[in-house]
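> With the input below, show me the fold.
(one chain, ligands or ions: 1)
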Amino acid sequence: MKKILAAVVFVALMAGCASVKVADFDSIQEYTLKNKAGMEVKLTNYGATITSIKTADRDGKMDDIALGYNDVSDYMNAVDKPYFGSVVGRYGNRIAKGRFTVDGEEYELATNNGENHLHGGVIGFDKVVWDAEIVGKNAVCFTYLAKDGEEGYPGNLSIAVTYTLTEENEIQIDYLATTDKATPVNLTNHTYFNLKGEGEGDILGHELMINAKGFTPVDKGLIPTGEIAPVAGTPFDFTVAKPIGRDIGQKDQQLEYGLGYDHNFVLDKEGKEGQMTRAATAYEPTTGRFMEVFTKEPGIQFYCGNFLDGRLKGKSGKTYVYRGGFCLETQHYPDSPNQPQFPSTILRPGADYETRTTYRFSVR
Ligand code: GLA
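Numbers count the residues shown, from 1 in each chain. You can find the predicted model right below:
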């Protein structure tokens, strides 16, 4: 297996796109985007993954705030499959018992998370090699054709995910997909953030705001019960920013099931459906780093690294401790194909799946 960072050798520089650098190791490439402010994002076509995000702290010190590896084989073999930085799909999050019915036809998917299906199955979109094209200044488009029947899903699904680093210190992620048979689709990105820097301890001191008055409670297997419960008066109330660790130790059945936060929040949408909403913010007081998440999606999975336990070492050799990173996975709600009262995730032939999420970085 090729190393994606085996040597810091950039072998190609696209004319006219001077800020995108490409390191090429056979079919696996790494792309480096850098804006005028010096923010830098690295991507690889293995899993359409964000491998690194370097942003300034309040003193101008650059740190990598995304968990990840140097070597593609680590992405492939990591214990407990953390999905660091990758696109997950065809269906990000869980589908109960790996079963669903579309237009009267029942489909059966791999059960790779207890009795349930998680993040697209055994070989989800995080574990395939995507095609890549530089599509503009600081923009790379990854494409993949998921075949009819792949991981049990119906329909040839053609996907394009474009990452753009803007001059406003944003990572903009545009998702597009089309299909030739009705299929569930729910794409997201699974970056783990630690705004202190990757490997710099746990994330419990980050002050998180989630723009959601409701969340979808789950059963033991993290499948939604179908209810949308108010966050008010529960540890799930992040409507006003609070440290992630403040209520995480409370005695609460939902926290027990999630082993902490690992839940979908129902976003309070501004404006019309399909418009961008400020979904969440995270502030890290010691470095001053501030992150805002905007999305067209109706939900966001807040997962706080409950399965990290110090066994994984990251790209700079530092240990990823328990709760050493958090994910804000913009998405439709888990198990939507089996929960008709949730917004639909079924994409039909002739329709476009089109969604956008933006992560914006600044300091305070
Ligand atoms: C998601 C899930 C978690 C866990 C992580 C990967 O966020 O909701 O339960 O599986 O992915 O470790």
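
> and the residue of this protein nearest the ligand?
residue 303 (3.6 Å; Cβ to the nearest ligand atom). Every C-beta, even on glycine, is put in place using the N, C-alpha and C of the backbone.

> Beta-bridge partners for residue 299, please?
residue 266, residue 331 (DSSP bridges).

> Which strand or helix spans the closest residue in space to residue 85 that isn't next to it in sequence?
Ranked by Cβ to Cβ, 6 or more residues apart in numbering and with sequence neighbours excluded, the top spatial neighbour of residue 85 is residue 50, at 4.0 Å. Per DSSP states H and E: residue 50 is located in strand 49-56.

> List the contacts of stretch 114-122.
83, 88-98, 109-112, 126, 151-152, 190, 221-223 (Cβ atoms under 8 Å, 6 or more residues apart in numbering).

> Buried residues of that stretch, list them for me.
Within stretch 114-122, the residues that qualify as buried are 116-121, counting by 16 or more other Cβ atoms under 10 Å.

> which one among those residues gets closest to residue 65?
Here the nearest of the buried residues of stretch 114-122 to residue 65, counting by Cβ to Cβ, is residue 119; it sits at 22.4 Å.

> which of the residues in stretch 245-254 are buried?
Residues of stretch 245-254 classed as buried: 245, 247-248, 254 (neighbour count, 16+ other Cβ under 10 Å).

> Outside of that stretch itself, list whatever touches it.
By Cβ under 8 Å, 6+ apart, stretch 245-254 touches 202, 204-205, 217-218, 234-236, 255, 260-261, 263, 304.

> again, only using 6 Å
Residues outside stretch 245-254 that contact it (Cβ atoms under 6 Å, 6 or more residues apart in numbering): 204, 217, 235, 260.

> Stretch 294-302 too?
For stretch 294-302, contacts defined as Cβ under 6 Å, 6+ apart pick out 261, 264-267, 274, 276, 278-279, 328-333, 343, 355-358.

> sorry, back to before: quick check: neighbours of the strand holding residue 50 in the sheet, parallel or antiparallel?
According to DSSP bridges, strand 49-56 has these partners: strand 40-44 (antiparallel), strand 62-64 (antiparallel).

> Save those as JSON lines, and put in distance to residue 347, mean pLDDT and mean neighbour count too.
As requested, those are exported to JSON lines (distance: least, Cβ to Cβ, whole Å; pLDDT from 0 to 100; neighbours: other Cβ atoms under 10 Å):
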{"stretch": "strand 40-44", "distance to residue 347": "25", "mean pLDDT": "98", "mean neighbour count": "24"}
{"stretch": "strand 62-64", "distance to residue 347": "35", "mean pLDDT": "98", "mean neighbour count": "18"}
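
> would you turn those strands into JSON lines with distance to residue 181?
Shown next, in JSON lines, are those (distance: least, Cβ to Cβ, whole Å):
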{"stretch": "strand 40-44", "distance to residue 181": "30"}
{"stretch": "strand 62-64", "distance to residue 181": "41"}
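
> Columns distance to the ligand on top of those strands, output as a markdown table?
Listed next are these as a markdown table, based on distance: least, Cβ to the nearest ligand atom, whole Å:
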| stretch | distance to the ligand |
| --- | --- |
| strand 40-44 | 19 |
| strand 62-64 | 20 |
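
> Tell me which of those lies nearest to residue 163.
Nearest of these (Cβ to Cβ): strand 40-44, 5.6 Å.

> Residues touching the strand holding residue 50, excluding its own?
So strand 49-56 is in contact with 39-44, 62, 64-66, 68, 85-86, 191, 361, going by Cβ under 6 Å, 6+ apart.

> let's see 8 Å
4-5, 30, 37-44, 62-66, 68-69, 75, 84-87, 126, 163, 169, 171, 189, 191, 193, 289, 315, 361, 363.

> what does stretch 313-328 give?
5, 51-52, 64, 67-70, 190-194, 198-204, 206, 208, 244, 260, 279-280, 282, 293, 300-306, 308-310, 312.

> Which positions in that stretch come out as buried?
For stretch 313-328, by 16+ other Cβ under 10 Å, it's 314-315, 318, 320-321, 323-328.

> What ranges in the chain fall below the confidence cut-off?
Judged by pLDDT under 70, the chain has its weakly predicted residues at 1-19, 23-25.

> all helices of it, in order?
With helices called from DSSP state H, the chain shows them at 72-77, 253-258.

> and of those helices, who's closest to residue 105?
Smallest distance to residue 105 across the helices of the chain (Cβ to Cβ): 31.5 Å, for helix 253-258.

> what residues are up against residue 156?
145-148, 179-181.

> Just the buried residues of these.
146, 179, 181.

> Let's have these in CSV, adding distance to the ligand.
CSV is the format used below for the buried ones among the contacts of residue 156 (distance: Cβ to the nearest ligand atom, whole Å):
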residue, distance to the ligand
146, 19
179, 24
181, 27
